[in-house]
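A.B. asks: Turn this into a structure:
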Amino acid sequence: MSSFNMVNYSLRPSKSIQRQIIFEGVRFLQGHLNLDELVYIGLGSIWFSDFIIAHKLLRVNDMVSIEASEIGYHRAKFNSPYATVRVFKGLTNQVLPTLYEDDLIKGRPWFVWLDYDMEFNESLQEDLRSLVEKAPANSIVIITFNGHESNYGAAPDRPQRLRELFGASVPDDLTKRSCKGPRMQETLADYSLKFIKAIAADISRPGGFLPSFRIIYKDSAPMITVGGILPSKGAVITAEGVLSGESWECNIQQPVIAPNLTLRETSLLQSQLPCQGTLTREMVRELGFDLEEEQIRTFQSYYRQFPSFAQIMS
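C.D. replies: Here you go, the predicted structure:
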């Protein structure tokens, strides 16, 4: 069953924060790299949340959405938000090869976000190899995948499964402990980035691959988002300078697990921010309600990106 039948992707707070962090990062890169005429390629489903942000925030016009499901394809074409969105039917490893010679977008930098809900597997391997080998210079490639440990086999078999997926990027002495619980998500994030970088090195891609995005988030299942820049050879020094600066905020070390808040709770918490110190549980209680310390910490870190959802009664 297609994931759009189970989840409305526009109504997940942690996902919403993750999405805004990524788009804010790409907008920041637009101010430093040659990203004129940027093209957006993604999996818009029937909601197109990221496509709308790409158009409004990044001012991207030409966009491509890939949809494998027959019904999903027709619904996606029906729900396409802009005239410049093209919907292609097929799996990503079928559609991507056709885009490298697409006269409308070849030779222009791409922002590709393959936002999957499945685990990292051989199909995702193929997509990444394809993009690293053939995406235009100064493209940005991001991938999201499911990080739940059970998707990677029984506990004793997980280190070997990760070696199958990420190759020599995974050391022979990877422990079972590193493949369990929250540490599994950290392991997946780190070795998937090393895997992409290794592909660029293996093919001697000019400019290589610069890891730039690392976000673990959770609304229900833990999800991993990683990616980076495929800079032109002449843009490497500039890109490295951007990524090493204090203004770059897309390498998130702590998982984003947003609390579910009412509009009133959100408004009251926002009224206390920004502040010099840490928003405490006692301060929240004085506002008239209560949250766990981790929930408060997450809100304070990402209140600028925190979504507000409301039901409209007609």
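A.B. asks: And stretch 220-240, how far out from the chain middle?
C.D. replies: Put simply, stretch 220-240 sits 11 Å off its chain's centre (C-alpha atoms, centre = their mean, to the nearest Å).
A.B. asks: Repeat that for stretch 252-261.
C.D. replies: On C-alpha atoms, centre = their mean, the centre of stretch 252-261 falls 14 Å from that of its chain.
A.B. asks: Identify each buried residue in it, please.
C.D. replies: Using 16 or more other C-beta atoms under 10 Å as the test for burial, stretch 252-261 gives 252, 255-259, 261. For the C-beta atoms, the positions are set from N, CA and C on the backbone; glycine is no exception.
A.B. asks: likewise stretch 29-36?
C.D. replies: By 16+ other C-beta under 10 Å, the buried positions in stretch 29-36 come out as 29-30, 33, 35.
A.B. asks: Can I get these in CSV including distance to residue 69 and pLDDT?
C.D. replies: Below are these laid out as CSV (distance: C-beta to C-beta, whole Å; pLDDT from 0 to 100):
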residue, distance to residue 69, pLDDT
29, 32, 98
30, 32, 97
33, 35, 95
35, 31, 95
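A.B. asks: With respect to residue 222, which of these is nearest?
C.D. replies: residue 29 (26.5 Å; C-beta to C-beta).
A.B. asks: ok, how many other residues are close to residue 43?
C.D. replies: 22 (other C-beta atoms under 10 Å).
A.B. asks: isn't it right up against residue 67?
C.D. replies: Yes - applying C-beta atoms under 8 Å as the test, residue 43 and residue 67 come out as touching, 7.3 Å apart.
A.B. asks: give me the low-pLDDT residue ranges for the stretch 1-150 of the chain?
C.D. replies: Applying pLDDT under 70 to the stretch 1-150 of the chain picks out residues 1-11.
A.B. asks: go with 50
C.D. replies: 1, 4-10 (pLDDT under 50).
A.B. asks: Strands of that one, start to end?
C.D. replies: Remark: strands assigned in the stretch 1-150 of the chain by DSSP state E, counting those that start in this stretch are 39-42, 63-67, 85-89, 110-119, 139-146.
A.B. asks: After the last one, heading C-terminal, what element do we hit next?
C.D. replies: Proceeding C-terminally, strand 139-146 gives way to helix 158-166 as the next helix or strand, assigned by DSSP states H and E.
A.B. asks: what residues does that next one touch?
C.D. replies: Helix 158-166 is contacted from outside by 120-122, 125, 149, 152-153, 170, 172, 174-176, 178-180, 184, 187-188, 191-192, 194-195, using C-beta atoms under 8 Å, 6 or more residues apart in numbering.
A.B. asks: again, only using 10 Å
C.D. replies: Helix 158-166 is contacted by residues 119-122, 124-125, 149-154, 157, 169-180, 184, 187-188, 190-196, 198 when judged by C-beta atoms under 10 Å, 6 or more residues apart in numbering.
A.B. asks: And those, which of them are buried?
C.D. replies: For the contacts of helix 158-166, buried by 16+ other C-beta under 10 Å: 119-121, 124-125, 149, 151-152, 169-170, 174, 178-179, 184, 187-188, 190-196, 198.
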